[in-house]
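# Got a predicted structure here, sequence first:
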Amino acid sequence: MSLHVEAVRLGKVYESEAGDIVALEDVSLEIRDREFLSVLGPSGCGKSTLLRCVAGLERISSGAIRINGNDLEGPPRRLGIVFQRDTLADWRSIIGNVLLVSEIRGTIDANSRTRALELLSLFGIADYADRFPWELSGGMRQRAAICRALLDDPELVLMDEPFGALDAMTRDQLNVELQRIWVETRKTVMFITHSIGEAVFLSDRVAVMSRNPGRVIDTFTIDLPRPRRLAVRETPRFAEYVSRILGVFMSLGILKEE
């Protein structure tokens, strides 16, 4: 079954005693079936708010979110989410953490442990299945969090700056691994980031947001062959995409040249 997610003139307002805060205004965006879409923007532009709205975790103030033409009324079925913090339970083993969400959902079955071990193997951490999170590095913990999100074979995967807290080398490595897994599984992915290079490297399309309030102001189709190696970042075509996106931010005054 194909999957099509669409935000239509989406608005999100937070009410407070000091006055309303408009986080999102008139946001229209689609996530196409089996595509890797990155949402790129500066801190505070509403990227994470948009993701939570698509996840059904935030009530929208106006507009609509539709999945296959139907209005979203709660978290979509077969949804996987990865946050910037891995949110692993330190008292459970790594494989226990991977199985946790399935246990909560009641979707765990006799094959769940086998699937969990297969995913851990894909990310190179099967040997650590019985270790605890506090024994692992940040990058290994985030790999486990991604495995947990993929365990129930979700149709839609939402990722909120999952590598933002990692060092540059680990982040590069996980970019490569995530791209490899995506090429193999072709999940529909919405990926939040504030890194232009990361967005271009991973994505089929990049949606660019401005802030105050958050709006989608441009989208770019990334026509680079897959699988992509890190060396693609040194090519003229990659640099052209980065330059075009930088130009959007500079035209808005978000980035400035001295």
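Sure thing, it's come through. Numbers count the residues shown, from 1 in each chain.
# which non-adjacent residue is nearest residue 52?
Excluding the flanking residues, the one nearest residue 52 by C-beta to C-beta, 6 or more residues apart in numbering is residue 58, at 4.2 Å. Placement of C-beta: from N, CA and C, glycine included.
# isn't residue 140 right up against residue 129?
No: the pair residue 140 / residue 129 is not scored as a contact, 11.3 Å apart, by C-beta atoms under 8 Å.
# how many neighbours does the residue nearest to residue 52 have?
Residue 58: 17 surrounding residues under other C-beta atoms under 10 Å.
# Now for it: which residues touch it?
Counting by C-beta atoms under 8 Å, 6 or more residues apart in numbering, residue 58 makes contact with 12, 49, 52.
# If you go by neighbour count, which of these are buried?
12, 49, 52 (16 or more other C-beta atoms under 10 Å).
# Can you name the residues bridging to the first one?
Beta-bridge partners of residue 12, counted by DSSP bridges, are residue 24.
# quick one: contacts for it?
Residue 12 makes contacts with 22-24, 46, 49-50, 53, 58, 60-61, as judged by C-beta under 8 Å, 6+ apart.
# and with 6 Å instead?
For residue 12, the contacting residues are 23-24, 49, 60-61, by C-beta atoms under 6 Å, 6 or more residues apart in numbering.
# Can you convert the buried ones among the contacts of residue 58 into JSON lines and add a column each for pLDDT and distance to residue 90?
Formatted as JSON lines, the buried ones among the contacts of residue 58 follow (pLDDT from 0 to 100; distance: C-beta to C-beta, whole Å):
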{"residue": "12", "pLDDT": "97", "distance to residue 90": "33"}
{"residue": "49", "pLDDT": "96", "distance to residue 90": "28"}
{"residue": "52", "pLDDT": "96", "distance to residue 90": "25"}
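# now the helices: where do they sit in the stretch 151-258 of the chain?
Using DSSP state H, counting those that start in this stretch, the helices of the stretch 151-258 of the chain run over 168-185, 196-202, 236-251.
# gap between the residue nearest to residue 52 and residue 216?
In this view, residue 58 and residue 216 are 17 Å apart by C-beta to C-beta, to the nearest Å.
# With residue 100 instead?
As for residue 100, its distance to residue 216 is 34 Å (criterion: C-beta to C-beta).
# which of the two has more neighbours?
Using other C-beta under 10 Å, the more surrounded residue of residue 100 and residue 216 is residue 216, with 21 against 17.
# so who does that one touch?
Counting by C-beta under 6 Å, 6+ apart, residue 216 makes contact with 27, 29, 207, 209.
# Output those in JSON lines, with distance to residue 68, neighbour count and pLDDT appended to each entry.
Formatted as JSON lines, the contacts of residue 216 follow (distance: C-beta to C-beta, whole Å; neighbours: other C-beta atoms under 10 Å; pLDDT from 0 to 100):
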{"residue": "27", "distance to residue 68": "19", "neighbour count": "26", "pLDDT": "97"}
{"residue": "29", "distance to residue 68": "16", "neighbour count": "20", "pLDDT": "97"}
{"residue": "207", "distance to residue 68": "20", "neighbour count": "23", "pLDDT": "98"}
{"residue": "209", "distance to residue 68": "24", "neighbour count": "24", "pLDDT": "95"}
